[in-house]
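S.K.: one predicted model, sequence on top.
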Amino acid sequence: MVLALSTAGHAADYVPPPAHDWSGLYLGGFAGIGDLASNGFFATSLDLGFDGAWPLLGARVGWNWQSGPFVFGVEGDGSFFDSRGDNLREETYTAETEFLGSVRGRVGWADDNVLFYATAGGAFVHADVRTSLGGQDPDQQGNEDRKDSSDWGGVAGGGIEWALSPNVSLTTEGLFYFFDVRRSLAKLTEGLGPGPNDDGVPAGVPGNFFKIGDGFEFRVGANWKLWNPVAPEQGLFATSAGDYTTDYDWSGFYIGPHVGVGRIDSHGTYRGDRLTDPPPPDLPRPAPIKLSDIDNQGVLGGVQLGYNYQTGPFVLGIEGDFTAIDWDDLINDLKLPLEPNSVSLDVNFLATAQLRAGLASGNLLGYVTGGLAFLDATFTDHLTDSDKDVSELGAVVGGGVEWGYRPDLTFRAEALFLTFDEDTSLSDLPNGDKGDFARLDEGWVLRLGANWRPGQPSVVADGSGTSAAGAYDWSGFYIGANFGWGAPDTKGIYNADPEPNESIDLRDVSDFGLLGGGQAGVNWQVGSYVVGVEGDVAAVDWDHSAAKFWIPEDKMSFDTDLLATIRGRVGYADDNLLFYVTGGVAFLDAELSLDEKSEGAHFGPKDMSTWGGVAGLGMEWGITQSLSAKTEGLFMSFHDFDSLENFGDNGNPGDFVSLDDAFLVRFGLNWRLMPFTAAISSGG
């Protein structure tokens, strides 16, 4: 992506040609967030499902053919990530995926330098299960079994691509993956076949298995065209057939938003002297909870403010930023099944103060940066409903590339490395033992951003260009419809003690589903900048259920009906293309119920409806002055925690359910009722 933006460095200093040619060979990179539905069971009590969404990075290569406004293409890509589900019993059992790849066809319609496309093809997922990784059970220490669960499936989706120059374009897209992978784990050590059998598995109980279902990704990125067969003279670094100037002044104040992905590693121990009462004779002591098992990664979004000073090609600057992050994770630690414990580490925001030093080549700036970083985090013991602030002050270093699209507007991509080394004692918590501690260690952030430079003109440096606002007017009231896919992220456990083979891991009650609804809003446009307010309501079908392994007819069900948001929007318009960030509040209508058919009982529904925050980004394309199409991704953070101690006949102390997050990608159409300019000109 940095290379792609670099070759676009002079795109702001010329008047672009009247028609963009999409033909040719290209490569690119992207970042985003994704999720896969998974399920599985091992031995008598070990749930192997994944837990929540994960950030991703990837690369792609493709070829386009253009005939008039129609564009046909083929593309291959690979997404790299770390999606892992650790089951913490007497031993550690892990199911994980690390790679998603696809080969797809693309069909699109081009309006000059804006391409709206649909895509579909084949997909590949790499996954495996590792069991009996040692731990508290002496007869399993040193043993490891592995089962490969990789397989092929399908993929379909759509997106919008915006060409900044003849060779460089930005993309945003949503992809939906279709997998039906199921692998038997019965032949692994401790693996059980279907019942009834000699291991005591009852009739009707399936054998041990691991399953991967559907998934999706929302991602943003950049493409770099290597070669255009229609115009081979353009070469690798084509900008324009016309002349351009390299003059660009980086000095002055700036402010802008950013979005991205990242993670932070944690270490420490909690309940270091944990014992059972009475202690089983075959388990060594102690059995502490390891904070390294907590997997804090996810999305982020925030704002930065800074000042640059330029002397010759050298640029020096100072910058501060505030970033809201959602890197929360919760684990159910059942190393001692008679003494379950659930703990979480919630990472809430990151703030940095940095010095920057860079080298400018016209409107392209490469820079390094470093300074102080503050990470706000909270450790929570859900069994005792107690928490401890574990925030830390550390250091940040990194670098990036920034591109002056216009004198008053820049885009940038950067990578930051975070490091912390302060220990926070956890021994003063109700279940804390002497020597218990938490430590935030190293982390990283990848983010894309834009900066507005107040006081700078909105034309190119030599005055040869005009404002990018163009003739399209985004102002006015609009209504529309949308559809898409999404999933909530639930955590928790029910009936953990004393029969773990009759427990229900509540990560499995959430799954992917469809949504569809309508939206209404209003935009105001000043030059190239668009601000607005939008509200939407959608019917959602994110319903799913999870069963007890030993008694599969007993199920916990999670049902959703409605999702609503109220959001502000801030965007930049390049004529009839609008790129925006959005944020506000969200409401999800949901409930939880329990059917224990083995006992002829039904419990619930338990109301889990909740409010939370929502943030995201998208692109909207004006087809006509009144009709536009859009694609967007939204991330919602709820963090609604409820005890299940008295829910049903088997609710135990420490049983709980948590509705943490939700994520969706959707496509829509908007109909503008009347632009403000039209209303004024008509006397309305």
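M.R.: That came through fine.
S.K.: what about the helices in the stretch 1-150 of the chain?
M.R.: Along the stretch 1-150 of the chain, counting by DSSP state H, counting those that start in this stretch, helices occupy 2-7.
S.K.: low pLDDT regions in it?
M.R.: The model of the stretch 1-150 of the chain has pLDDT under 70 over residues 1-18, 51-52, 89-91, 132-143.
S.K.: how about the strands in it?
M.R.: For the stretch 1-150 of the chain, strands defined by DSSP state E, counting those that start in this stretch occupy the ranges 24-42, 46-47, 54-67, 70-88, 92-111, 114-131, 145-148.
S.K.: okay, and for the stretch 251-400 of the chain, where does confidence drop off?
M.R.: 276-285, 337-338.
S.K.: for Pro55, which non-adjacent residue is spatially closest?
M.R.: Val261 (3.1 Å; C-beta to C-beta, 6 or more residues apart in numbering). Glycine gets a C-beta too; all of them are placed from N, C-alpha and C.
S.K.: secondary structure element for that neighbour, which one?
M.R.: strand 252-270 (DSSP states H and E).
S.K.: so what strands line up beside the helix or strand hosting Tyr307?
M.R.: Tyr307 belongs to strand 296-311 when assigned by DSSP H and E. With DSSP bridges as the test, strand 296-311 is paired with strand 252-270 (antiparallel), strand 314-325 (antiparallel).
S.K.: most tightly surrounded among these?
M.R.: Across those, averaging neighbours per residue (mean count of other C-beta atoms under 10 Å) puts strand 252-270 on top, at a mean of 20.
S.K.: I'd like the next helix or strand past that strand.
M.R.: Next along from strand 252-270, by DSSP H and E: strand 289-290.
S.K.: how about residues contacting that following strand?
M.R.: 268-271, 274, 331, 333, 335, 341, 343 (C-beta atoms under 8 Å, 6 or more residues apart in numbering).
S.K.: partners of that strand in the sheet?
M.R.: Here, using DSSP bridges, strand 289-290 pairs with strand 252-270 (antiparallel).
S.K.: between the strand holding Tyr307 and strand 24-42, how many degrees?
M.R.: 150 degrees (axes from the mean of the first three to the mean of the last three C-alpha atoms, to 10 degrees).
S.K.: distance from strand 296-311 to the middle of the chain?
M.R.: Between the centre of strand 296-311 and the centre of its chain there are 19 Å (C-alpha atoms, centre = their mean, to the nearest Å).
S.K.: Asn113 contacts His20, doesn't it?
M.R.: Yes: counting by C-beta atoms under 8 Å, Asn113 does reach His20; the two are 3.9 Å apart.
S.K.: what sits in contact with each of these two?
M.R.: Going by C-beta under 8 Å, 6+ apart, residues that sit against Asn113 and also against His20 are Ala163.
S.K.: who has more neighbours, these two?
M.R.: Asn113 (22 against 19; other C-beta atoms under 10 Å).
S.K.: domains for the protein, by residue range?
M.R.: Using automatic domain parsing, the domain parsing of the chain gives 1-245, 250-456, 466-684.
S.K.: got JSON lines for the contacts of strand 289-290, with distance to Gly455 too?
M.R.: Putting the contacts of strand 289-290 into JSON lines (distance: C-beta to C-beta, whole Å) gives the following:
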{"residue": "Gly268", "distance to Gly455": "48"}
{"residue": "Thr269", "distance to Gly455": "54"}
{"residue": "Tyr270", "distance to Gly455": "52"}
{"residue": "Arg271", "distance to Gly455": "57"}
{"residue": "Arg274", "distance to Gly455": "61"}
{"residue": "Ile331", "distance to Gly455": "50"}
{"residue": "Asp333", "distance to Gly455": "55"}
{"residue": "Lys335", "distance to Gly455": "60"}
{"residue": "Asn341", "distance to Gly455": "56"}
{"residue": "Val343", "distance to Gly455": "50"}
